[in-house]
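Q: this is the structure alone, sequence omitted:
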């Protein structure tokens, strides 16, 4: 892997335009995510300066994400919330959980979530398995 050559003036201008900083608020988080999304357009190649900025933004976003504490929510309520946010119906979870009855029991809090189900739910929703345990 080679060393990337960066034009200090171009990178300085890019930093002055984007003003990255340690994220302390939800508004700053949203701004950094929007900046990163602007850099993540797949139709174009990033300049070396943009690649370094994207890497910095990813680190800042990840650091903020790691600090944010999620409220304690029962696993079945987390499943319901995620379903609602994604416009899913219970039937959409049958391939992940098993039968319709198992999904219904889980969503209504009548049944716990097994470790295997928690892992599959985490993969399905693209989030941490800890939210279901």
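A: Done, it's in. Not measured: the values here are computed from a predicted model.
Q: so who does residue 72 touch?
A: For residue 72, the contact set (CB atoms under 8 Å, 6 or more residues apart in numbering) is empty. Where you see a C-beta, it was placed from the backbone N, CA and C, and this is true even at glycine.
Q: give me the three-state assignment for it.
A: coil (DSSP: H, G, I helix; E, B strand; the rest coil).
Q: for it, give its distance to residue 105.
A: Look at residue 72 and residue 105: by CB to CB, to the nearest Å, they are 22 Å apart.
Q: next: residue 55.
A: Distance of residue 55 to residue 105, given as CB to CB: 44 Å.
Q: now residue 60
A: 41 Å.
Q: try residue 32
A: 40 Å.
Q: just want to know which of these two has more residues nearby.
A: residue 32 (21 against 15; other CB atoms under 10 Å).
Q: can you pull the contacts of that one?
A: Shown here is residue 32, whose contacts under the criterion CB under 8 Å, 6+ apart are 20, 23, 57, 60-61, 64.
Q: switch the residues you listed over to JSON lines; also include secondary structure, distance to residue 39 and neighbour count.
A: What follows is the contacts of residue 32, written out as JSON lines (DSSP: H, G, I helix; E, B strand; the rest coil; distance: CB to CB, whole Å; neighbours: other CB atoms under 10 Å):
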{"residue": "20", "secondary structure": "coil", "distance to residue 39": "11", "neighbour count": "17"}
{"residue": "23", "secondary structure": "coil", "distance to residue 39": "16", "neighbour count": "22"}
{"residue": "57", "secondary structure": "helix", "distance to residue 39": "7", "neighbour count": "23"}
{"residue": "60", "secondary structure": "helix", "distance to residue 39": "13", "neighbour count": "20"}
{"residue": "61", "secondary structure": "helix", "distance to residue 39": "12", "neighbour count": "16"}
{"residue": "64", "secondary structure": "helix", "distance to residue 39": "17", "neighbour count": "18"}
